Structure formats: structure tokens, C-alpha cells
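**Student:** after the sequence you'll find the predicted model.
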Amino acid sequence: MSRKKSVDPELAAKLSRRNMLGVAAGTGAAAILGLSAATPAAAGERGRGHGHGKTEPVLTPGHLGIQLYSLRDKVNSLGFAKVFEELERFGYDEIEYAGYSQGNAGAITIPQLRKLARNHGLRPIGSHVNYADDNNPDAYSFAQNLEKVLDDAQALGLEHIGTASGPFRHGNTVDAWKRAADDFNTYGAAARKRGMKFYQHNHAEEFSFASDQPGVRLYDVLLAETDPKLVYLEMDIYWAFAAKHRFSQTGDGRPAPLDPLKYVLKQPDRYPLFHVKDGVKNEEARDGYDMVDVGDGDIDYKKFISAVNKTHNGRKTHHWQAEHDNPVDSLLFAEKSADHLHSLRERRGHH
């Protein structure tokens with residue numbers, strides 16, 4: 001059950017105005033907010049009954065997180081304390097960091113940040129740190145300051161520490177990605193010594209093809225050349241589907257079907273983390289989608305999450321981080337995403 005409290009009338013009115021502007025055409029404010037059947041409580045009541053068979057949440061209770069990059073504007077203006085307060089109210093369990101400063105809201109220390117998250121019942125599951133900045137020896141990155149990055153991650157109590165940088169440090173050839181894989185193995189070994197897992201988060205370009213071997217998908221090189229006990233993956237599902245749109249042909253034009261879910265089902269233990277980001281299909285767009293709030297798009301998260309949960313220990317070992325790169329209203333995005341993901345139900349025993 002979510003910790004989510006009822007939504008205040010002022011927010012409902014704001015949503016209703018947005019609806020009139022066509023932001024969520026065809027949906028009333030109550031439906032956007034999940035105030036009716038979409039709320040976890042209502043969905044649970046529906047599942048208990050009257051001959052329709054029992055249901056359970058598709059999303060494992062306790063495993064809903066959010067990538068704080070989505071809320072960077074509010075972190076900067078309001079600070080972590082206010083943002084965490086809202087996330088707790090929305091029913092989030094976990095957070096993934098994208099930096100540890102709060103801009104105009106003032107200075108905060110790593111110990112203060114850890115305590116703040118704990119006070120709001122938010123488990124820090126991971127963090128995105130830059131892979132490399134070879135022009136700056138003082139850069140806060142894995143390549144330049146590995147021990148500092150790991151010190152901070154450990155002080156925050158993170159289970160995972162990773163990067164959203166593509167493995168293009170040395171180029172886009174097969175050998176360049178083998179070198180990047182060696183880097184990642186090094187970071188993974190150092191993280192493991194401290195009881196953490198190192199991970200890489202994809203965008204679409206990781207699924208492109210090597211410049212020197214147009215039949216070789218670069219992501220496959222990364223998987224093959226990294227030690228699965230040292231290097232883990234966070235699949236950004238939206239960008240993986242964008243890659244399906246963009247890179248289903250090799251560099252020399254031969255068919256190369258791409259199914260993001262199959263990557264996960266083949267090696268589920270390598271994918272502890274996921275980004276849940278939604279898009280409306282648009283064949284004219286470069287990526288094949290226009291990014292929207294979770295639940296407003298065409299990516300079938302009920303099917304995707306359910307399939308992953310069917311893997312060995314899947315419901316216990318996978319974590320789902322809601323994200324939108326540039327939401328119109330970041331707190332509203334966070335609330336709608338939590339409502340939608342908590343509302344997903346399936347027949348008990350389906351997994």
C-alpha cells in the first residue's frame with residue numbers, strides 16, 4: 001500500500017486547467033491524479049472481489065523510486081528537504097541521485113543528505129556520476145577521482161553507484177569499447193570491495209553499431225567485455241525503445257531486430273535498476289517517441305515490469321525509477337507517475 005495522502009483541491013484545480021489547455025486531453029483532473037480507480041486503495045478493493053478473481057500490484061511494494069534529475073529544478077529552488085517531503089507523500093520508496101547539491105536552496109553535507117532521506121523513508125538506491133573528463137584532473141568522475149566518488153556513495157549508504165555517461169571515452173570502435181569495458185571492470189571491482197554495485201545507464205546510442213565493424217552492436221561489446229559480477233546495467237526503457245526505432249538495422253543496412261525486454265530476460269541479474277520513462281509513438285521523431293509523463297504514453301509498463309518480475313527473484317531484486325528529462329511540472333510528474341505505477345494490477349499468481 002502506498003503512503004500517498006489524498007491530493008489537495010488546489011492541485012486538482014491546476015490539473016483541470018492544464019487539461020483544458022490540452023496537456024492531457026480527454027482526461028479529467030481526477031483521472032489524471034488517480035483519485036478514482038487508479039489509486040492503490042481503489043485498485044486493491046477492485047481486486048478483492050465479487051467473483052472477478054484476486055489481483056495484486058504489478059509493481060513490487062517498496063521498489064518504486066525516482067531519478068532526482070527529473071526534479072532538479074525543485075531541488076535547486078526548494079531544496080532536498082521539501083522535495084523529499086513531497087516524494088514521501090506521493091508514496092515513493094527509493095531515490096536515485098544526480099548530484100548532491102541543492103543550488104539556490106543552500107549548502108548541504110553528505111551526512112545531512114543521508115539523514116534527510118532516512119527521515120522521509122526514502123532509500124537511496126543509486127547515483128549517477130560522470131564517467132570521465134580527461135581534460136580536468138580534478139573532475140568529479142570515476143576516471144579522475146574514483147575513491148572520492150566511492151567515499152561519497154558509501155557515506156550516503158548507496159547500494160549502487162553508476163554513470164549515465166555512454167562508454168564513448170575512447171571512441172566508437174570495438175576496441176574503444178573494450179577499453180571502456182576495462183575501465184568499468186576497474187570501477188566495478190573497487191565498488192564491490194565497498195559492498196556496492198557499479199552500473200551503467202543507457203541512452204539510445206549505446207545500441208548503435210561500431211564504426212569499424214558495422215555489424216557489431218556496441219552494447220553487445222559492453223555486455224561481453226564486462227564481468228557480470230562487477231558491472232551491472234540500469235536499463236532506461238524509454239531510450240532502449242528509442243534505440244529499437246533507430247538501430248534495428250546494422251551500419252551497413254542489414255536487419256538487426258532489437259528487443260529491449262529480451263536483453264533483460266537473458267541476463268536478469270545484471271539489471272537491478274530500471275528507468276521508467278514514457279513516450280507517445282511518433283514515427284517522424286528521431287527517437288520514434290515524444291517523451292511524456294509516465295502513464296500518458298504508449299510504452300506498456302505493465303507488460304514490461306510483469307515479465308521482469310517473472311524471472312528468478314525478479315520481484316525482490318529489481319527496482320524501478322520514474323523519470324522524465326524535462327517535465328512541464330516536475331512535482332506533478334512525480335505524483336502522476338507514482339499514481340500510475342501503483343495502479344497497475346494483475347491476477348494473483350500471474351507471475
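**Tutor:** On my side now, so go ahead.

**Student:** and the helices in this protein?
**Tutor:** 9-20, 29-33, 40-47, 72-78, 80-90, 110-119, 142-156, 174-193, 218-225, 237-246, 260-266, 301-309, 314-317, 330-343 (DSSP state H).

**Student:** so which of those helices is nearest N282?
**Tutor:** helix 237-246 (9.5 Å; Cβ to Cβ). The way it works is simple: take the backbone N, C-alpha and C, and place the C-beta from them, glycine included.

**Student:** state the mean pLDDT of the closest one.
**Tutor:** Helix 237-246 carries an average pLDDT of 98.

**Student:** output the contacting helices and strands for it.
**Tutor:** helix 260-266, strand 273-276, strand 278-281, strand 289-292 (3 or more Cβ pairs under 8 Å, 6 or more residues apart in numbering; DSSP states H and E).

**Student:** for the ones you listed, give me TSV that also has mean neighbour count, mean pLDDT and distance to S208.
**Tutor:** Below are those laid out as TSV (neighbours: other Cβ atoms under 10 Å; pLDDT from 0 to 100; distance: least, Cβ to Cβ, whole Å):
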stretch	mean neighbour count	mean pLDDT	distance to S208
helix 260-266	17	98	14
strand 273-276	26	98	19
strand 278-281	18	98	19
strand 289-292	19	98	17
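
**Student:** these: which one's closest to D212?
**Tutor:** Here helix 260-266 is closest among those (Cβ to Cβ), at 23.1 Å.

**Student:** pretty sure P255 is touching Q249, no?
**Tutor:** Yes: the pair P255 / Q249 is scored as a contact, 6.2 Å apart, by Cβ atoms under 8 Å.

**Student:** compare those two (neighbour count), which wins?
**Tutor:** The neighbour comparison of P255 against Q249 (other Cβ atoms under 10 Å) goes to Q249, with 14 against 7.

**Student:** out of everything not next to it in sequence, what's closest to the more buried one?
**Tutor:** A256 (5.8 Å; Cβ to Cβ, 6 or more residues apart in numbering).

**Student:** circling back: can you list the helices of the chain in a markdown table and add distance to V276?
**Tutor:** Listed next are the helices of the chain as a markdown table, based on distance: least, Cβ to Cβ, whole Å:
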| stretch | distance to V276 |
| --- | --- |
| helix 9-20 | 21 |
| helix 29-33 | 17 |
| helix 40-47 | 16 |
| helix 72-78 | 18 |
| helix 80-90 | 14 |
| helix 110-119 | 20 |
| helix 142-156 | 22 |
| helix 174-193 | 24 |
| helix 218-225 | 20 |
| helix 237-246 | 6 |
| helix 260-266 | 13 |
| helix 301-309 | 6 |
| helix 314-317 | 15 |
| helix 330-343 | 7 |
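
**Student:** any idea which of these gets closest to D212?
**Tutor:** Closest approach to D212 among the helices of the chain is made by helix 174-193 (6.3 Å; Cβ to Cβ).

**Student:** circling back: my read is that the residue nearest to Q249 contacts T250, right?
**Tutor:** Yes: between A256 and T250 there is a contact under Cβ under 8 Å: 4.8 Å.

**Student:** if I look at those two, which residues touch both of them?
**Tutor:** Both A256 and T250 are contacted by 209, 215, under the criterion Cβ atoms under 8 Å, 6 or more residues apart in numbering.

**Student:** K197 versus D73, what's the distance?
**Tutor:** Remark: distance between D73 and K197 (Cβ to Cβ, to the nearest Å) = 29 Å.

**Student:** with A117 instead?
**Tutor:** Separation of A117 from K197 (Cβ to Cβ): 19 Å.
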